[in-house]
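Asks: task: produce atomic coordinates for the following.
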Amino acid sequence: MNRLLYVLLLSAITIAGFTMYQQNDLGYISMRFAGHSFETNLVVLTAVLLCLLFAALLLVKLFHATKNLLAHFGSKRQLRLEEKARHSLAQGLIEYAEGRFEQAEKVLLQQVDHSDNRLLVYLSAARAAQQLGAHERRDEYLRKAHIEAPDADIAIGLTKAELQLAHEQNEQALATLTQLNSMTENHRYVITLLANTYHHLGDWDNLRTILPQLKKYGNLSAESFLAFEIQVCKGQMSNIAKRANIDLSGSKQLIDFWSKESHHLKALPAIVEHYARLLVSLDAAGEAEHVLRHYLNKNWEDSTIILYSELDVMVDNSQLEMAESWLEDHQHNCYLLLALGKMCISRSLWGKARNYLEASIAINPMPENYLKLARLLEEHMDEAKAAQEYYRQGLHLLAGDYGEEILDRESHDFEHETPQLKIVKT
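Replies: As a prediction, the model looks like this:
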């Protein structure tokens, strides 16, 4: 279109000039400006205007050519700087991976002004500063990352929380993760980190509130989630027991909590045993015996019978009969025999208690069964000499000096050595 205008303009000028030349009339033009007068003809004026026009066009072309040339060189320089920035980022990440954190931080920031991925640069520099213990620099890099990418709040917040947790700044990490959890909807990693933070802080009540989210969105295996549930349950019971010990309120709150707990947790030996120990600490050993006895009646666990054998409580005939019924399948369990010996002592059944305790010692000599048997003989059966011998053997065992007579027991056949267990029922 521009070329057509130029052609038409030149054609019009040529035709006008040729016509004027044929008529021998070049025109006359007179101008006055600032006290000066100018006289010329139309042909000369036209020629001057054309020269000026072409000069202006030439200057415009020259300006654009210079501008393009500078842009070309500037673009090449920018490409070189961006390439250096990418190389700096890659090298910095390599330095970080190889454990040279001070060098990594330095290299990462060398070309940050020309990087096309400043968010990654600042996040990586923050991690390097964390490894160097430079927490103020770490926080400054995270602030700059937020300025560079305000829409990347989740990525920046998670990085911040991870670094805070690594530095054991659990309270600060909790604040960061709580804010992230309110910003996101069921973010898997946020929920997992938040659960771990509650776990580190021992905040079992809040951890329980997010267990449904953790189960649904946490992507945990069944074993890992169950471990969380166990920790929460044990932690909450421990807190209740601590408060009860402080305000001397007894075991009622703990028993109420247990009555409302999930059945699948109450079927786990670790939970049952922890609950029983807390009951004992609250002077509720009778309730602990009841819980352990009913659990053992359905679920036999060595750790549970060991705990049961440590109890010293008054029992009635029905409790003793239930415990004795376990002998049908576990007559060579030294802890069961010890527990039965204690229960018989509480019922003043001295002969049966002696049989059980001697059978327990025959299977597995322990300081406790020696002590119980020695006291029984000394205090209730008037056999001071025999009691002293059991005291002596128990002291040797406690001191690590087992003696020949105890070492000889290891080679005995206990199935033939304890036939009296079949006739101790009344």
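Asks: now do the helix ranked longest in the chain: which elements does it pack against?
Replies: As assigned by DSSP state H, the longest helix anywhere in the chain is helix 42-97. When contacts are defined as 3 or more C-beta pairs under 8 Å, 6 or more residues apart in numbering; DSSP states H and E, helix 42-97 sits against helix 2-22, helix 101-109, helix 118-131. In this view, the C-beta of every residue, glycine as well, is placed from N, C-alpha and C.
Asks: do you know how far residue 144 is from residue 217?
Replies: 31 Å (C-beta to C-beta, to the nearest Å).
Asks: do residue 108 as well
Replies: 33 Å.
Asks: of these two, who's got more company?
Replies: Neighbours per residue (other C-beta atoms under 10 Å) separate residue 108 from residue 217, with residue 108 holding more: 28 against 17.
Asks: for the more buried one, which non-adjacent residue is spatially closest?
Replies: residue 92 (3.4 Å; C-beta to C-beta, 6 or more residues apart in numbering).
Asks: try residue 159
Replies: Ranked by C-beta to C-beta, 6+ apart and with sequence neighbours excluded, the top spatial neighbour of residue 159 is residue 123, at 5.3 Å.
Asks: what's the burial count for that neighbour?
Replies: Using other C-beta under 10 Å, residue 123 has 25 neighbouring residues.
Asks: can you map out the helices along the stretch 101-250 of the chain?
Replies: With DSSP state H, counting those that start in this stretch, the ranges of helices along the stretch 101-250 of the chain come out as 101-109, 118-131, 135-148, 153-166, 170-183, 188-201, 204-209, 211-217, 222-247.
Asks: so for residue 318, what's the pLDDT?
Replies: Residue 318 carries a pLDDT value of 89.
Asks: sec struct for it, please.
Replies: Secondary structure, DSSP: H, G, I helix; E, B strand; the rest coil: residue 318 is helix.
Asks: can you count the residues close to it?
Replies: With neighbours defined by other C-beta under 10 Å, the count for residue 318 comes to 8.
Asks: quick check: it vs residue 325, distance?
Replies: Using C-beta to C-beta, residue 318 is found at 11 Å from residue 325.
Asks: over to residue 356?
Replies: From residue 356 to residue 325 the distance is 14 Å (C-beta to C-beta).
Asks: same question, residue 333
Replies: Residue 333 is 13 Å from residue 325, by C-beta to C-beta.
Asks: cool, residue 89 as well?
Replies: 72 Å.
Asks: pick out whichever of these two has more residues nearby.
Replies: residue 89 (22 against 11).
Asks: contacting residues for that one?
Replies: Taking C-beta atoms under 8 Å, 6 or more residues apart in numbering, we find residue 89 in contact with 108, 111, 115, 117, 120-121, 124.
Asks: got those residues as CSV, with pLDDT columns?
Replies: CSV is the format used below for these (pLDDT from 0 to 100):
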residue, pLDDT
108, 86
111, 78
115, 79
117, 78
120, 84
121, 86
124, 88
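Asks: tally of neighbours for residue 228?
Replies: Neighbours of residue 228 under the rule other C-beta under 10 Å: 21.
Asks: residues in contact with it?
Replies: Residue 228 makes contacts with 195, 199, 207, 211, 214, 220, as judged by C-beta under 8 Å, 6+ apart.
Asks: so for the third one, what's the nearest residue that isn't a sequence neighbour?
Replies: With sequence-adjacent residues excluded and distances taken as C-beta to C-beta, 6+ apart, residue 207 is closest to residue 198, at 3.8 Å.
Asks: and residue 87, how close does it get to residue 107?
Replies: Computed with C-beta to C-beta, the distance linking residue 87 and residue 107 is 9 Å.
Asks: and these two? which has more neighbours close in?
Replies: Applying other C-beta under 10 Å to residue 87 and residue 107 shows that residue 107 carries more neighbours, namely 23 against 13.
Asks: list the contacts of that one.
Replies: Contact analysis of residue 107 by C-beta under 8 Å, 6+ apart lists 88, 91-92, 95.
Asks: distance check, the closest residue to it other than its chain neighbours against residue 123.
Replies: In space, and not counting its chain neighbours, residue 107 is closest to residue 92: 4.1 Å by C-beta to C-beta, 6+ apart. For residue 92, the distance to residue 123 (C-beta to C-beta) stands at 11 Å.
Asks: equivalent analysis for residue 365, please.
Replies: Residue 365 is 62 Å from residue 123, by C-beta to C-beta.
Asks: equivalent analysis for residue 163, please.
Replies: Relative to residue 123, and taking C-beta to C-beta, residue 163 is found at 10 Å.
Asks: could you do residue 207 as well?
Replies: Residue 207 sits 28 Å away from residue 123, going by C-beta to C-beta.
Asks: just residue 250 next, same as before
Replies: Separation of residue 250 from residue 123 (C-beta to C-beta): 53 Å.
Asks: what does residue 199 give?
Replies: For residue 199, the distance to residue 123 - C-beta to C-beta - is 26 Å.
Asks: same question, residue 4
Replies: Counting by C-beta to C-beta, the gap from residue 4 to residue 123 is 58 Å.
Asks: residue 313 in helix, strand or coil?
Replies: Classification of residue 313 using three-state DSSP returns coil.
Asks: what's the neighbour count on it?
Replies: Residue crowding around residue 313 was assessed by other C-beta under 10 Å; the count is 15.
Asks: so it touches residue 285, yeah?
Replies: Yes. Judged on C-beta atoms under 8 Å, residue 313 makes contact with residue 285 at a distance of 5.0 Å.
Asks: that older thread, how about the helices of the stretch 101-250 of the chain in TSV, adding distance to residue 341?
Replies: Below are the helices of the stretch 101-250 of the chain laid out as TSV (distance: least, C-beta to C-beta, whole Å):
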stretch	distance to residue 341
helix 101-109	63
helix 118-131	59
helix 135-148	60
helix 153-166	51
helix 170-183	48
helix 188-201	41
helix 204-209	38
helix 211-217	43
helix 222-247	29
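Asks: and of the ones you listed, who's closest to residue 256?
Replies: helix 222-247 (9.0 Å; C-beta to C-beta).
Asks: dihedrals phi and psi, residue 100?
Replies: The phi and psi values for residue 100, taken as degrees, to the nearest 10, are phi -100, psi 80.
Asks: quick check: pLDDT value at it.
Replies: For residue 100, the predicted pLDDT is 87.
Asks: now residue 272: which helix or strand?
Replies: helix 269-281 (DSSP states H and E).
Asks: what sits against the residue nearest to residue 107?
Replies: 104-105, 107-108, 121, 124-125, 128.
Asks: recalculate using a threshold of 7 Å.
Replies: The contact partners of residue 92, taken as C-beta atoms under 7 Å, 6 or more residues apart in numbering, are 104, 107-108, 124.
Asks: likewise residue 354?
Replies: 373, 376, 381.
Asks: okay, the residue nearest to residue 108 and residue 372: tell me how far apart.
Replies: Counting by C-beta to C-beta, the separation of residue 92 from residue 372 is 69 Å.
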